[in-house]
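Peer 1: Fold the stuff below for me.
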Amino acid sequence: MGMSFKATLSQIVNREHSFTLLMAPMGWGKTRLIWEFVEDFDRIIIVSPLRSILEDLKDRDCVVNNISDKGVFLTTVESFSKNDLDFALRSNSLFVLDEFHLFYEWGETFRPRLLEFLYKISSSSTKVIGLSATITDELYRIIERDVENNFKHFCLLNIGNFQKKNMYKKKDVVIRPLLLLKLLWRQLFFSQGRTILFCSTRKEVFMWNRFFSRLGLSCDYCVGGEVKDFIARECEAPAQIVIATSALSHGVNLRGIENIYISYCPNESTNFQMIGRGGRFGEEFQYVGTKEVGNSWIARIHYKICDYLFIMTKDVLLWLN
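Peer 2: Prediction:
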């Protein structure tokens, strides 16, 4: 009889100075699987770039507040003290790097301590597992190079990269003004489930929040640094329309989301994570994304006409309200 997946994975991650990359679909239960290894290690240390994920995990069984206790210790890179890290590196600990793609995507831009942390723990005989649902081919080549240079053992387990248990029932990718027109008309004149509109900037989020509020629609917003406040409002009174930056694309699971609108063109990983906010609890949902404007004169004229119609529709609605 063959070994179970859990037993096989336990053997792989238990190797000295090893890095295991587990890629599995959104909603598959990657984080839940980690709890099955509690008895195999002195402690499991889940390091996440997102406080919202840690908040969601803190009430689970076996979570400990002191790193010297046996169980699951939750932390961000920034809040992981040097003494705690030194203790963890000396003991039989499993480091779990959740949303591992962000250690590179954000670590190479505005949060360099994410990558610094990865390199720091790779200098010892540590056991590390990275979890992600969205590793691009380009990023994988970088990870493979770094890991093979810094760890003795490397194992890739690809159960489903860029996949989701419950995918959209309908997809529509259009130019930005047409997307916004569709959003306005569907919200005002058709029965819609809960909707998320993703925007590229905080300024745009606040503008749309004021706009929909003025129309008398139930709306809320979520931007970086305010995710915890948004979750508190969401638990108390969920809004029909949620306007957000990419801060909402990871680690926040909302019920009843049936419409995802992405009003700009983020990178492949972020785009997929945004789509993944739909149908988190089995709901059917549709996705409307943005495409770049074509170079032909017909495409440019089409864009200008749609943009004019959008601006006129928006102005008329504001005038009426």
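Peer 1: how close does Met274 get to Phe190?
Peer 2: Distance, Met274 to Phe190, using C-beta to C-beta, to the nearest Å: 22 Å. No exception for glycine: its C-beta is placed from N, CA and C like everyone else's.
Peer 1: same deal with Pro266?
Peer 2: Distance from Pro266 to Phe190, by C-beta to C-beta: 27 Å.
Peer 1: Comparing those two, which shows the higher neighbour count?
Peer 2: Neighbours per residue, other C-beta atoms under 10 Å: of Pro266 and Phe190, the larger number sits with Pro266, 17 against 7.
Peer 1: Please enumerate the helices of this structure.
Peer 2: When secondary structure is read from DSSP state H, the chain shows helices at 5-13, 30-34, 51-57, 82-90, 101-105, 113-121, 137-150, 176-189, 202-214, 227-236, 268-275, 297-320.
Peer 1: Please give the number of neighbouring residues around the closest residue to Val64 other than its chain neighbours.
Peer 2: Spatial nearest neighbour of Val64, chain neighbours left out: Gly71 (3.8 Å); criterion: C-beta to C-beta, 6 or more residues apart in numbering. Using other C-beta under 10 Å, Gly71 has 17 neighbouring residues.
Peer 1: contacting residues for Gly71?
Peer 2: Taking C-beta atoms under 8 Å, 6 or more residues apart in numbering, we find Gly71 in contact with Val38, Arg43, Ile44, Cys62, Val63, Val64.
Peer 1: rerun at 10 Å
Peer 2: Residues near Gly71 by C-beta atoms under 10 Å, 6 or more residues apart in numbering: Trp35, Val38, Phe41, Asp42, Arg43, Ile44, Asp61, Cys62, Val63, Val64, Asn65.
Peer 1: List just the nearest of these to Lys182.
Peer 2: Ranked by distance to Lys182 (C-beta to C-beta), those are led by Trp35 at 41.7 Å.
Peer 1: so the closest one sits right up against Phe41, yeah?
Peer 2: No - with contacts counted by C-beta atoms under 10 Å, Trp35 stays clear of Phe41, the gap being 11.6 Å.
Peer 1: mind checking how far the most centrally placed residue in the chain is from His101?
Peer 2: With distances taken as C-alpha atoms, centre = their mean, His250 lies nearest the centre of the chain, 2.1 Å away. Distance of His250 to His101, given as C-beta to C-beta: 10 Å.
Peer 1: How about Val13?
Peer 2: Distance, Val13 to His101, using C-beta to C-beta: 19 Å.
Peer 1: With Thr195 instead?
Peer 2: Noted for Thr195: a distance of 26 Å to His101, by C-beta to C-beta.
Peer 1: ditto for Glu236
Peer 2: Look at Glu236 and His101: by C-beta to C-beta, they are 32 Å apart.
Peer 1: Without its sequence neighbours, what residue ends up closest to Gln192?
Peer 2: Gln192 sits nearest to Arg186 (C-beta to C-beta, 6+ apart), 5.5 Å away.
Peer 1: Leaving out chain neighbours, which residue sits closest to Leu309?
Peer 2: Sequence neighbours aside, Leu181 is the residue nearest to Leu309 in space, at 6.2 Å (criterion: C-beta to C-beta, 6+ apart).
Peer 1: any residues in contact with both of His250 and His101?
Peer 2: Counting by C-beta under 10 Å, 6+ apart, the residues touching both His250 and His101 are Pro49, Ala133, Thr134, Ser269, Thr270, Gln273.
Peer 1: how many neighbours does the fourth one have?
Peer 2: If I follow you right, that is Ser269. Residue neighbour count, defined by other C-beta under 10 Å, stands at 22 for Ser269.
Peer 1: Same question for the fifth one.
Peer 2: Here the neighbour count serves as a burial measure; for Thr270 (other C-beta under 10 Å) it reads 19.
Peer 1: ok, it touching Glu99?
Peer 2: No - when contacts are counted by C-beta under 10 Å, Thr270 is not listed as touching Glu99 (11.4 Å).
Peer 1: quick one: Ser18 from Trp185, how far?
Peer 2: Taken as C-beta to C-beta, the span from Ser18 to Trp185 is 54 Å.
Peer 1: can you pull the contacts of Asp146?
Peer 2: Phe19, Tyr104, Leu115, Leu118, Tyr119, Ser122, Phe154.
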